[in-house]
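Colleague: next input, structure requested:
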Amino acid sequence: MAAILRNNTGKKVIIKKRNRQEIRYLRTDSVTEVIQGLKEVSEKLERVLEDSYQWKWVILTLDNLIQNTMVITLRDSAGINILRKKIQKPMAEALRNNSLKRPIEKLDEFLSLYEATKGDEILQYTFSKKYVPKGTEEESIKKNHIRRNDFIHFIPKHLLTYLDKMPFLVLDCMEYLRFLIFNSFNFAFLINKSQERVIKSYMFRIKKSCKRIRQVYEPLIQESKEKYEKMKKLEAKKT
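Modeller: Residues are numbered from 1 along each chain as shown. So this is what the prediction gives:
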């Protein structure tokens, strides 16, 4: 048995009877956050050439995906080391003594979590590895976070974001995520082979989209450079 409903656009949606109640809930977990985050980045990247505003959602989703993956990878058994530093001690004491009031859990700042993946905090297991950034990876992760803040904490203004290097930024962030998920060891026991294939598939699609976007951007960048050089020559002649 199935029910035929209409979504907010009026389109018919067929829902199997056993899943009817599921539409009332949003379910997630560690692996779902990673897979759905990669899926969203992949789908938005496929649309940026027809609608450059989609880059906003790439930036926001990518930042959220990175933060979630860092937290999942860093978390110790009690979940204390991912909290802000001033909360960690009182939280540990409250867990040891039930009579003490627990502080409100607040995750550590994004950049503090990032630094922790390069330090001893990530060494949760014998085979755990610290992240060692290569090339422009660290710069790209931090730049994307700054751009995320521009949108999340938007102040009324005219905001112009150059997109020329965004494909490279996304690829750098993918390398960081690849390390956390597949090379840090901390994430390995959370995913099965099927989920691993899905994650790698989305990462491949993202890489492919970035290559396609670069191929479109590069002649436009060259054209812009040539126009700028011509303008400089004209200005030089006037003087």
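Colleague: contacts for stretch 215-230, please.
Modeller: 49, 163-164, 167 (C-beta atoms under 8 Å, 6 or more residues apart in numbering). For the C-beta atoms, the positions are set from N, CA and C on the backbone; glycine is no exception.
Colleague: which one of the residues you listed is nearest to Gly135?
Modeller: Nearest to Gly135 out of these is Pro167 (C-beta to C-beta; 14.5 Å).
Colleague: that closest one against Cys210, yeah?
Modeller: Yes. Counting by C-beta atoms under 8 Å, Pro167 does reach Cys210; the two are 3.9 Å apart.
Colleague: looking at these two, which one has more neighbours?
Modeller: Counted by other C-beta atoms under 10 Å, Pro167 and Cys210 do not tie: Pro167 has more neighbours, with 23 against 19.
Colleague: what ranges do the strands span in the chain?
Modeller: 2-6, 12-16 (DSSP state E).
Colleague: now the last one: mean pLDDT?
Modeller: Pointing back at strand 12-16 there. Mean pLDDT, computed over strand 12-16, is 63.
Colleague: again, but for the first one
Modeller: Here strand 2-6 scores 55 as its mean pLDDT.
Colleague: shaky segments in the protein?
Modeller: Within the chain, the ranges that satisfy pLDDT under 70 run 1-20, 239.
Colleague: try it again at 80.
Modeller: 1-23, 232-239 (pLDDT under 80).
Colleague: hey, where'd the helices end up in it?
Modeller: 30-45, 54-74, 85-96, 110-116, 137-152, 166-178, 193-238 (DSSP state H).
Colleague: of all these, which one is nearest Lys130?
Modeller: Of all the helices of the chain, the one in closest proximity to Lys130, counting by C-beta to C-beta, is helix 110-116 (9.7 Å).
Colleague: ok, the most centrally placed residue in the chain to Phe189 distance?
Modeller: The residue lying closest to the centre of the chain (C-alpha atoms, centre = their mean) is Leu62, at 2.4 Å. With distances taken as C-beta to C-beta, to the nearest Å, Leu62 is found 25 Å from Phe189.
Colleague: just Glu218 next, same as before
Modeller: Distance, Glu218 to Phe189, using C-beta to C-beta: 42 Å.
Colleague: out of those two, which sits in the more crowded spot?
Modeller: Each of Glu218 and Phe189 has its neighbours counted (other C-beta under 10 Å); Glu218 has more, 12 against 8.
Colleague: and Asn81, what is it in contact with?
Modeller: Residues in contact with Asn81, defined by C-beta under 8 Å, 6+ apart, are 74-75, 88, 116, 121.
Colleague: can you check Leu45 too?
Modeller: By C-beta under 8 Å, 6+ apart, Leu45 lies in contact with 54, 58, 170, 206, 209-210, 213.
Colleague: please apply the same query to Glu196.
Modeller: Glu196 is in contact with Phe182, counting by C-beta under 8 Å, 6+ apart.
Colleague: if you set the cut-off to 10 Å instead, what comes out?
Modeller: Glu196 sits next to 31, 181-182, 188 when contact means C-beta atoms under 10 Å, 6 or more residues apart in numbering.
Colleague: Lys56 and Asp63 touch, don't they?
Modeller: No. Applying C-beta atoms under 10 Å, one finds Lys56 not in contact with Asp63, separated by 11.1 Å.
Colleague: please identify which of the helices of the chain is closest to Leu159.
Modeller: helix 137-152 (6.3 Å).
Colleague: list the buried ones in that closest one?
Modeller: By neighbour count on 16 or more other C-beta atoms under 10 Å, the buried set for helix 137-152 is 137-138, 140-141, 143-145, 147-148.
Colleague: equivalent analysis for stretch 35-55, please.
Modeller: Neighbour-count burial for stretch 35-55 flags 35, 37-46, 48, 54-55 (criterion: 16+ other C-beta under 10 Å).
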